[in-house]
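In: Need coordinates for the following:
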Amino acid sequence: MLARYRAPRNLLGLGRVVHVGEVVSASLQKQTFRVALAQDAPFAEFEGPFSCTRPTPKIGDEVACVFHENILGRHPEPWEPREIRKLTPANRDRVLEGLRKTWRV
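Out: Here you go, the predicted structure:
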């Protein structure tokens, strides 16, 4: 009950795209992805509708994912997917810093 009175946490995870699913909403740019996360994440794999911008990640791409803590109980999972971004050697630091700043991670 007390969880509803605190601000939900955000989590930034790094991983690789394992599966690219259907587009959930073209207007909101949401698509289903299954991501295998690095060892330091609280879960090994996650599948859900992420908001993504161009370039859209493909299978095998390294990505950064932002998750929002589910404190309102809309679904049984403890985390909700928010945003996914493709990482390349050229943009890696810039993308990670931008996500940290935007989502206050």
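In: Just the CA atoms of the host helix or strand of residue 83, as CSV, please.
Out: Taking DSSP states H and E as the criterion, residue 83 maps to strand 79-86. Included here for strand 79-86 are C-alpha records, laid out as CSV according to Å, rounded to 0.1, in the frame of the first residue of the first chain:
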residue,chain,number,x,y,z
TRP,A,79,8.5,-3.6,-14.6
GLU,A,80,6.9,-2.0,-17.6
PRO,A,81,8.8,-1.5,-20.8
ARG,A,82,9.2,2.2,-21.9
GLU,A,83,11.8,2.9,-24.5
ILE,A,84,14.4,0.9,-26.5
ARG,A,85,17.3,2.4,-28.4
LYS,A,86,19.9,0.8,-30.8
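In: Which pLDDT value goes with residue 4?
Out: pLDDT, residue 4: 59.
In: My error: substitute residue 52 in the last question.
Out: pLDDT, read off for residue 52, is 93.
In: what's the burial count for it?
Out: Other residues near residue 52 come to 20 when the count uses other CB atoms under 10 Å. (Each C-beta comes from the backbone N, C-alpha and C, glycine too.)
In: got a list of what the closest residue to residue 9 other than its chain neighbours touches?
Out: Nearest residue to residue 9, sequence neighbours excluded (CB to CB, 6 or more residues apart in numbering): residue 69, at 4.5 Å. By CB atoms under 8 Å, 6 or more residues apart in numbering, residue 69 lies in contact with 8, 9, 10, 11, 78, 79, 80.
In: Most neighbours among the residues you listed, which one?
Out: Using other CB under 10 Å as the neighbour criterion, residue 79 leads those with 22 neighbours.
In: What separation do you get for that residue and residue 93?
Out: Using CB to CB, to the nearest Å, residue 79 is found at 25 Å from residue 93.
In: How about residue 102?
Out: From residue 102 to residue 93 the distance is 15 Å (CB to CB).
In: what do you get for residue 71?
Out: Counting by CB to CB, the gap from residue 71 to residue 93 is 31 Å.
In: Looking at those two, which has the bigger crowd around it?
Out: Between residue 71 and residue 93, counted using other CB under 10 Å, residue 71 has the larger neighbour count: 16 against 10.
In: any idea how far the strand holding residue 83 is from the chain center?
Out: Strand 79-86 sits 2 Å away from the centroid of its parent chain (CA atoms, centre = their mean, to the nearest Å).
In: Fine by me, we can end here.
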